[in-house]
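Asker: This is a predicted model, with the sequence first.
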Amino acid sequence: MTVPTMPPKSPKSPHSVNGPVGDTPGEPLHTPVIDWFDEHARDLPWRRPEAGPWGVMVSEFMLQQTPVSRVLPVYEQWLARWPRPADLAQEAPGEAVRAWGRLGYPRRALRLHGAAVAITERHGGDVPTDHAQLLALPGIGEYTAAAVASFAYGQRHAVLDTNVRRVLARAVTGVQYPPNATTAAERKLARALLPQDERTAARWAAASMELGALVCTAKNETCHRCPIAAQCAWQLAGKPEHDGPPRRGQTYAGTDRQVRGKLLAVLREARGPVPQAVLDRVWHEPVQRARALDGLVADGLVEPLPGGLYRLPLTRS
DNA sequence: GAGGCGTGGGC
DNA sequence: TGCCCAAGCCT
(Lines give C-alpha, C1' and ligand atoms only; values in the text may rest on other atoms or scores of the structure.)
Protein backbone atom coordinates (compact mmCIF):
# COMPACT_ATOMS: atom_id res chain seq x y z
CA MET A 1 0.00 0.00 0.00
CA THR A 2 1.23 3.44 -0.77
CA VAL A 3 0.83 6.30 1.59
CA PRO A 4 -1.44 8.94 0.11
CA THR A 5 0.61 11.95 -0.83
CA MET A 6 -0.46 15.18 0.76
CA PRO A 7 -0.74 18.16 -1.52
CA PRO A 8 1.20 21.30 -0.61
CA LYS A 9 -0.22 22.95 2.46
CA SER A 10 -1.61 26.40 2.22
CA PRO A 11 -0.09 28.98 4.55
CA LYS A 12 -0.97 28.22 8.11
CA SER A 13 -3.79 30.18 9.60
CA PRO A 14 -2.99 32.12 12.80
CA HIS A 15 -4.82 29.81 15.11
CA SER A 16 -7.42 27.30 14.14
CA VAL A 17 -10.96 27.60 15.44
CA ASN A 18 -10.86 23.82 15.59
CA GLY A 19 -8.61 23.90 18.58
CA PRO A 20 -5.55 21.69 18.72
CA VAL A 21 -5.29 19.91 15.44
CA GLY A 22 -1.80 18.54 15.59
CA ASP A 23 -0.36 18.21 12.12
CA THR A 24 -3.50 19.18 10.27
CA PRO A 25 -3.76 22.94 10.43
CA GLY A 26 -5.66 25.06 7.96
CA GLU A 27 -8.86 26.96 7.59
CA PRO A 28 -11.71 25.29 9.45
CA LEU A 29 -13.85 23.19 7.16
CA HIS A 30 -16.87 23.14 9.37
CA THR A 31 -18.04 26.72 8.98
CA PRO A 32 -18.75 26.71 5.23
CA VAL A 33 -20.08 23.17 5.39
CA ILE A 34 -22.51 23.98 8.19
CA ASP A 35 -23.63 27.12 6.36
CA TRP A 36 -24.25 25.00 3.29
CA PHE A 37 -26.15 22.49 5.39
CA ASP A 38 -28.41 25.19 6.81
CA GLU A 39 -29.39 25.99 3.26
CA HIS A 40 -29.53 22.57 1.61
CA ALA A 41 -30.26 19.94 4.23
CA ARG A 42 -32.98 17.50 3.27
CA ASP A 43 -36.10 17.49 5.38
CA LEU A 44 -35.94 13.91 6.63
CA PRO A 45 -38.37 12.62 9.26
CA TRP A 46 -35.66 11.44 11.65
CA ARG A 47 -34.21 14.95 11.66
CA ARG A 48 -37.40 16.49 12.94
CA PRO A 49 -37.63 17.13 16.68
CA GLU A 50 -40.60 14.81 17.09
CA ALA A 51 -38.51 11.86 15.94
CA GLY A 52 -36.77 11.73 19.30
CA PRO A 53 -33.86 9.43 20.19
CA TRP A 54 -35.81 6.30 19.31
CA GLY A 55 -36.65 7.65 15.87
CA VAL A 56 -33.02 8.56 15.32
CA MET A 57 -31.91 5.12 16.41
CA VAL A 58 -34.42 3.31 14.20
CA SER A 59 -33.36 5.40 11.23
CA GLU A 60 -29.69 4.63 11.85
CA PHE A 61 -30.35 0.89 11.87
CA MET A 62 -32.33 1.11 8.66
CA LEU A 63 -29.81 3.34 6.94
CA GLN A 64 -26.93 0.94 7.47
CA GLN A 65 -26.11 0.11 3.85
CA THR A 66 -29.56 1.08 2.61
CA PRO A 67 -30.49 4.23 0.65
CA VAL A 68 -32.70 6.92 2.18
CA SER A 69 -35.42 6.55 -0.44
CA ARG A 70 -36.05 2.95 0.48
CA VAL A 71 -35.92 3.58 4.20
CA LEU A 72 -38.50 6.38 4.27
CA PRO A 73 -41.75 4.38 3.97
CA VAL A 74 -40.62 1.57 6.26
CA TYR A 75 -39.42 4.06 8.84
CA GLU A 76 -42.81 5.78 8.96
CA GLN A 77 -44.69 2.51 9.38
CA TRP A 78 -42.24 1.29 11.98
CA LEU A 79 -42.52 4.38 14.18
CA ALA A 80 -46.29 4.43 13.86
CA ARG A 81 -46.51 0.83 14.98
CA TRP A 82 -43.78 0.91 17.62
CA PRO A 83 -43.47 4.49 18.86
CA ARG A 84 -41.34 3.49 21.84
CA PRO A 85 -38.66 0.83 22.40
CA ALA A 86 -40.94 -1.00 24.84
CA ASP A 87 -43.59 -1.36 22.14
CA LEU A 88 -41.18 -3.22 19.90
CA ALA A 89 -39.68 -5.17 22.80
CA GLN A 90 -42.96 -6.92 23.56
CA GLU A 91 -43.37 -8.14 20.00
CA ALA A 92 -42.08 -11.41 18.65
CA PRO A 93 -38.77 -10.90 16.86
CA GLY A 94 -40.34 -12.34 13.71
CA GLU A 95 -42.70 -9.38 13.59
CA ALA A 96 -39.70 -7.07 13.34
CA VAL A 97 -38.28 -9.20 10.55
CA ARG A 98 -41.61 -9.10 8.72
CA ALA A 99 -42.00 -5.33 9.12
CA TRP A 100 -38.46 -4.89 7.88
CA GLY A 101 -39.77 -5.84 4.47
CA ARG A 102 -37.26 -5.69 1.67
CA LEU A 103 -34.78 -3.29 3.26
CA GLY A 104 -32.16 -6.02 3.14
CA TYR A 105 -29.78 -7.41 5.76
CA PRO A 106 -32.68 -8.63 7.92
CA ARG A 107 -30.38 -9.43 10.81
CA ARG A 108 -30.59 -5.70 11.44
CA ALA A 109 -34.27 -6.14 12.25
CA LEU A 110 -33.43 -8.84 14.74
CA ARG A 111 -30.74 -6.69 16.30
CA LEU A 112 -33.00 -3.66 16.49
CA HIS A 113 -35.54 -5.82 18.28
CA GLY A 114 -32.81 -7.05 20.60
CA ALA A 115 -31.72 -3.50 21.25
CA ALA A 116 -35.29 -2.53 22.11
CA VAL A 117 -35.46 -5.41 24.59
CA ALA A 118 -32.17 -4.38 26.18
CA ILE A 119 -33.27 -0.74 26.38
CA THR A 120 -36.49 -1.80 28.05
CA GLU A 121 -34.77 -4.10 30.50
CA ARG A 122 -31.62 -2.17 31.27
CA HIS A 123 -32.39 1.47 30.58
CA GLY A 124 -35.95 1.96 31.71
CA GLY A 125 -37.23 2.14 28.15
CA ASP A 126 -35.17 5.17 27.16
CA VAL A 127 -32.46 5.10 24.50
CA PRO A 128 -29.26 5.54 26.50
CA THR A 129 -27.36 8.79 26.13
CA ASP A 130 -23.99 7.32 26.95
CA HIS A 131 -21.79 6.32 24.04
CA ALA A 132 -20.49 3.19 25.76
CA GLN A 133 -23.99 2.04 26.66
CA LEU A 134 -25.12 2.58 23.10
CA LEU A 135 -22.14 0.62 21.83
CA ALA A 136 -23.12 -2.29 24.07
CA LEU A 137 -26.48 -2.70 22.34
CA PRO A 138 -26.83 -5.31 19.59
CA GLY A 139 -26.42 -3.90 16.09
CA ILE A 140 -24.75 -0.71 17.30
CA GLY A 141 -21.11 -0.29 16.36
CA GLU A 142 -18.71 2.60 16.36
CA TYR A 143 -20.53 4.63 13.76
CA THR A 144 -24.09 4.14 15.02
CA ALA A 145 -23.17 4.84 18.65
CA ALA A 146 -21.58 8.13 17.65
CA ALA A 147 -24.44 9.00 15.31
CA VAL A 148 -27.16 8.44 17.91
CA ALA A 149 -25.22 10.30 20.60
CA SER A 150 -24.61 13.17 18.22
CA PHE A 151 -27.92 13.42 16.33
CA ALA A 152 -30.25 12.51 19.15
CA TYR A 153 -28.45 14.08 22.07
CA GLY A 154 -26.26 16.76 20.51
CA GLN A 155 -23.05 15.29 21.85
CA ARG A 156 -19.57 15.84 20.47
CA HIS A 157 -18.36 12.72 18.68
CA ALA A 158 -16.46 11.95 15.51
CA VAL A 159 -19.15 10.47 13.29
CA LEU A 160 -17.23 8.56 10.67
CA ASP A 161 -19.47 7.00 8.08
CA THR A 162 -18.74 6.32 4.44
CA ASN A 163 -19.84 9.82 3.43
CA VAL A 164 -17.66 11.62 5.94
CA ARG A 165 -14.73 9.35 5.17
CA ARG A 166 -15.00 10.22 1.49
CA VAL A 167 -15.30 13.95 2.20
CA LEU A 168 -12.21 13.88 4.39
CA ALA A 169 -10.28 11.70 1.95
CA ARG A 170 -10.85 14.29 -0.74
CA ALA A 171 -10.93 17.59 1.10
CA VAL A 172 -8.02 16.90 3.43
CA THR A 173 -5.99 13.97 2.17
CA GLY A 174 -6.42 14.73 -1.50
CA VAL A 175 -7.37 11.28 -2.72
CA GLN A 176 -10.50 10.16 -4.49
CA TYR A 177 -11.54 7.42 -2.08
CA PRO A 178 -10.87 6.47 1.54
CA PRO A 179 -9.32 3.07 2.35
CA ASN A 180 -11.55 0.00 2.36
CA ALA A 181 -11.57 -0.24 6.13
CA THR A 182 -11.54 2.67 8.55
CA THR A 183 -8.00 3.38 9.75
CA ALA A 184 -6.55 4.89 12.90
CA ALA A 185 -5.36 7.83 10.81
CA GLU A 186 -8.91 8.55 9.69
CA ARG A 187 -10.17 8.47 13.25
CA LYS A 188 -7.41 10.80 14.33
CA LEU A 189 -8.17 13.20 11.52
CA ALA A 190 -11.89 13.16 12.27
CA ARG A 191 -11.23 13.92 15.93
CA ALA A 192 -8.86 16.73 15.00
CA LEU A 193 -11.45 18.36 12.78
CA LEU A 194 -14.18 18.18 15.41
CA PRO A 195 -15.28 21.65 16.52
CA GLN A 196 -14.78 22.21 20.22
CA ASP A 197 -18.28 23.44 20.85
CA GLU A 198 -20.69 20.55 21.38
CA ARG A 199 -23.57 21.98 19.36
CA THR A 200 -21.28 22.91 16.51
CA ALA A 201 -19.69 19.48 16.56
CA ALA A 202 -23.08 17.78 16.24
CA ARG A 203 -24.01 20.13 13.43
CA TRP A 204 -20.75 19.42 11.64
CA ALA A 205 -21.37 15.68 11.89
CA ALA A 206 -24.72 15.95 10.15
CA ALA A 207 -23.48 18.53 7.68
CA SER A 208 -20.40 16.63 6.55
CA MET A 209 -22.47 13.49 6.08
CA GLU A 210 -25.01 15.37 4.02
CA LEU A 211 -22.27 16.89 1.89
CA GLY A 212 -20.98 13.42 1.10
CA ALA A 213 -24.46 12.16 0.35
CA LEU A 214 -25.55 15.02 -1.93
CA VAL A 215 -22.45 16.66 -3.43
CA CYS A 216 -19.23 14.80 -2.68
CA THR A 217 -20.66 11.52 -3.91
CA ALA A 218 -18.73 8.38 -4.83
CA LYS A 219 -19.46 8.87 -8.51
CA ASN A 220 -20.44 11.98 -10.45
CA GLU A 221 -19.51 14.34 -7.68
CA THR A 222 -20.68 17.91 -8.24
CA CYS A 223 -17.78 20.03 -7.09
CA HIS A 224 -19.33 23.20 -8.48
CA ARG A 225 -21.93 22.95 -5.73
CA CYS A 226 -19.40 22.25 -3.00
CA PRO A 227 -18.91 24.90 -0.32
CA ILE A 228 -15.28 23.89 0.25
CA ALA A 229 -14.17 23.22 -3.32
CA ALA A 230 -11.67 26.06 -3.14
CA GLN A 231 -9.95 24.42 -0.17
CA CYS A 232 -10.34 20.82 -1.29
CA ALA A 233 -6.99 19.04 -1.53
CA TRP A 234 -8.27 16.61 -4.13
CA GLN A 235 -9.66 19.42 -6.28
CA LEU A 236 -6.41 21.41 -5.92
CA ALA A 237 -4.45 18.34 -6.98
CA GLY A 238 -6.48 18.07 -10.17
CA LYS A 239 -8.80 15.31 -8.95
CA PRO A 240 -6.44 12.38 -9.56
CA GLU A 241 -8.23 9.08 -10.00
CA HIS A 242 -7.90 6.28 -7.51
CA ASP A 243 -4.82 4.17 -8.06
CA GLY A 244 -3.77 0.96 -6.43
CA PRO A 245 -5.73 -2.24 -5.88
CA PRO A 246 -9.37 -2.25 -6.93
CA ARG A 247 -11.83 -1.48 -4.21
CA ARG A 248 -13.57 -4.51 -2.82
CA GLY A 249 -16.79 -5.24 -4.63
CA GLN A 250 -19.74 -7.29 -3.59
CA THR A 251 -20.81 -10.43 -5.32
CA TYR A 252 -24.35 -11.56 -5.09
CA ALA A 253 -25.73 -13.61 -7.94
CA GLY A 254 -25.68 -17.29 -7.10
CA THR A 255 -24.50 -16.82 -3.53
CA ASP A 256 -26.04 -18.11 -0.33
CA ARG A 257 -27.11 -14.55 0.28
CA GLN A 258 -29.41 -14.62 -2.67
CA VAL A 259 -30.91 -17.92 -1.57
CA ARG A 260 -31.41 -16.65 1.96
CA GLY A 261 -33.20 -13.65 0.56
CA LYS A 262 -35.56 -15.82 -1.44
CA LEU A 263 -36.30 -18.10 1.49
CA LEU A 264 -36.97 -15.23 3.85
CA ALA A 265 -39.20 -13.51 1.31
CA VAL A 266 -41.49 -16.55 1.31
CA LEU A 267 -41.59 -16.66 5.10
CA ARG A 268 -42.29 -12.93 5.38
CA GLU A 269 -45.30 -13.17 3.13
CA ALA A 270 -46.71 -16.25 4.81
CA ARG A 271 -49.03 -15.81 7.75
CA GLY A 272 -48.17 -19.06 9.48
CA PRO A 273 -45.69 -21.92 9.26
CA VAL A 274 -44.46 -22.88 5.81
CA PRO A 275 -43.78 -26.48 4.74
CA GLN A 276 -40.30 -27.36 3.62
CA ALA A 277 -41.68 -28.33 0.22
CA VAL A 278 -42.73 -24.74 -0.41
CA LEU A 279 -39.31 -23.42 0.54
CA ASP A 280 -37.71 -26.00 -1.74
CA ARG A 281 -39.18 -24.24 -4.74
CA VAL A 282 -37.13 -21.05 -4.30
CA TRP A 283 -33.82 -22.65 -5.32
CA HIS A 284 -32.99 -25.62 -7.50
CA GLU A 285 -29.72 -26.67 -5.92
CA PRO A 286 -30.49 -28.74 -2.78
CA VAL A 287 -27.12 -28.48 -1.03
CA GLN A 288 -26.94 -24.73 -1.24
CA ARG A 289 -30.61 -24.43 -0.40
CA ALA A 290 -30.19 -26.46 2.77
CA ARG A 291 -27.09 -24.54 3.75
CA ALA A 292 -28.91 -21.25 3.35
CA LEU A 293 -31.87 -22.40 5.41
CA ASP A 294 -29.58 -23.72 8.12
CA GLY A 295 -27.83 -20.39 8.17
CA LEU A 296 -31.08 -18.53 8.64
CA VAL A 297 -32.00 -20.82 11.53
CA ALA A 298 -28.55 -20.38 13.07
CA ASP A 299 -28.94 -16.61 12.81
CA GLY A 300 -32.29 -16.75 14.56
CA LEU A 301 -34.11 -15.39 11.53
CA VAL A 302 -36.08 -18.60 11.02
CA GLU A 303 -37.60 -20.98 13.53
CA PRO A 304 -37.85 -24.66 12.64
CA LEU A 305 -40.93 -26.50 13.85
CA PRO A 306 -41.68 -30.20 14.10
CA GLY A 307 -42.96 -31.79 10.91
CA GLY A 308 -40.70 -29.91 8.51
CA LEU A 309 -42.36 -26.56 9.04
CA TYR A 310 -40.65 -23.17 9.26
CA ARG A 311 -41.70 -19.70 10.32
CA LEU A 312 -40.31 -16.35 11.36
CA PRO A 313 -39.18 -16.54 14.99
CA LEU A 314 -41.83 -16.27 17.69
CA THR A 315 -39.42 -16.61 20.54
CA ARG A 316 -36.19 -14.93 21.45
CA SER A 317 -33.14 -16.85 20.36
C1' DG B 1 -8.87 -8.11 9.23
C1' DA B 2 -11.13 -10.20 5.47
C1' DG B 3 -15.67 -12.00 4.41
C1' DG B 4 -20.39 -12.73 4.98
C1' DC B 5 -24.60 -10.60 5.10
C1' DG B 6 -30.04 -8.27 1.02
C1' DT B 7 -31.98 -5.47 -2.05
C1' DG B 8 -32.81 -2.39 -5.70
C1' DG B 9 -31.70 1.83 -8.38
C1' DG B 10 -28.65 4.38 -11.51
C1' DC B 11 -25.60 4.75 -15.18
C1' DT C 1 -26.22 -5.42 -19.51
C1' DG C 2 -23.63 -5.79 -15.66
C1' DC C 3 -21.26 -3.27 -12.24
C1' DC C 4 -21.14 -0.07 -8.54
C1' DC C 5 -23.06 1.78 -4.85
C1' DA C 6 -26.07 2.78 -0.46
C1' DA C 7 -25.76 6.65 7.16
C1' DG C 8 -22.20 -0.93 8.93
C1' DC C 9 -21.97 -4.76 12.08
C1' DC C 10 -20.18 -9.02 13.55
C1' DT C 11 -17.15 -13.02 13.63
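Answerer: Sure thing, it's come through.
Asker: quick one: what helix or strand has residue A:37 in it?
Answerer: Residue A:37 is part of helix A:30-40 when elements are defined by DSSP states H and E.
Asker: Which other helices and strands does that helix contact?
Answerer: Here helix A:30-40 touches helix A:198-214, going by 3 or more CB pairs under 8 Å, 6 or more residues apart in numbering; DSSP states H and E. To be clear about C-beta, it is placed using only N, CA and C from the backbone, and glycine gets the same treatment.
Asker: hang on, the earlier thing: ok, and does the helix holding residue A:37 reach over to DNA strand C?
Answerer: No: Helix A:30-40 does not reach DNA strand C (CB under 7 Å from any atom of the strand); its nearest approach is 11.7 Å.
Asker: Now tell me what touches that helix from outside.
Answerer: If you take CB atoms under 8 Å, 6 or more residues apart in numbering as the criterion, helix A:30-40 is touched by A:17-18, A:193, A:195, A:200, A:203-204, A:206-208, A:210-211, A:214, A:227-228.
Asker: switch to 6 Å and redo it
Answerer: Contact with helix A:30-40 is made by A:195, A:203-204, A:207-208, A:210-211, A:227-228, as judged by CB atoms under 6 Å, 6 or more residues apart in numbering.
Asker: same deal with stretch A:256-273?
Answerer: Stretch A:256-273 is contacted from outside by A:98, A:106, A:252, A:274, A:279, A:282-283, A:288, A:292-293, A:296, A:305, A:309, A:311-312, using CB under 6 Å, 6+ apart.
Asker: can you tell me which of the residues you listed are up against DNA strand C?
Answerer: Applying CB under 7 Å from any atom of the strand to those, one finds that residue A:252 fall near DNA strand C.
Asker: Next, give phi and psi for residue A:303.
Answerer: phi -110, psi 120 (degrees, to the nearest 10).
Asker: does stretch A:86-93 come close to DNA strand B?
Answerer: No: applying CB under 7 Å from any atom of the strand, one finds stretch A:86-93 separated from DNA strand B by no less than 14.0 Å.
Asker: With adjacent residues omitted, what lies nearest to the residue positioned nearest the centre of chain A?
Answerer: Residue closest to the average C-alpha location in chain A (CA atoms, centre = their mean): residue A:64, at 3.1 Å. Spatial nearest neighbour of residue A:64, excluding adjacent residues (CB to CB, 6 or more residues apart in numbering): residue A:108 at 6.1 Å.
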